[in-house]
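>>> Return a 3D structure for these sequence lines:
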Amino acid sequence: MEEVGKDPAAAHDRKYLWWATATTLQLAWGIAAYRRGYNGGDSRLMPLKAFAVASLFVGATATAAFTTLSAYGIHSVEDMKGVGANIRTGLGVRPRARDE
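The predicted structure is shown next:
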């Protein structure tokens, strides 16, 4: 018997909301660090600072892509292939030849 007030779909959506929030904060942190730029100090740390800012952008992009795919129900490579086939069919492009 299910408990009253427990909606599995709502909990599922909340999970993606947290991921989207974390991605947004990570991207904002990266933009702020980029705008701040190099403000003096020890020049030997410049490569480390550049790597840290680039990592924020790459991490935010990867997280956003993963969350978007998961939110739309794409959980495997086969799901992605199906989406690609549907897009190609919708555009009127011939199906790709398959190696059997």
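
>>> distance of V58 from S70?
Distance of V58 to S70, computed by CB to CB, to the nearest Å: 18 Å. (C-beta placed from N, C-alpha, C; glycine too.)

>>> Pick out whichever of those two has more residues nearby.
S70 (14 against 11; other CB atoms under 10 Å).

>>> how about the nearest residue to the more buried one, chain neighbours excluded?
Y16 (6.8 Å; CB to CB, 6 or more residues apart in numbering).

>>> From the contact counts, what lies against the helix or strand P47 falls within?
In the assignment (DSSP states H and E), P47 maps to helix 46-71. Judged by 3 or more CB pairs under 8 Å, 6 or more residues apart in numbering; DSSP states H and E, helix 46-71 is in contact with helix 8-36.

>>> quick one, the helix it packs on and helix 46-71 angle?
Inter-element angle recorded for helix 8-36 and helix 46-71: 160 degrees (by axes from the mean of the first three to the mean of the last three CA atoms, to 10 degrees).

>>> Show me what helix 8-36 is packed against.
Using 3+ CB pairs under 8 Å, 6+ apart, helix 8-36 sits against helix 46-71.

>>> Buried ones in the helix it packs on, by neighbour count?
Of all the residues in helix 46-71, those buried under the rule 16 or more other CB atoms under 10 Å are V53, L56, F57, A60, T63, A64, T67.
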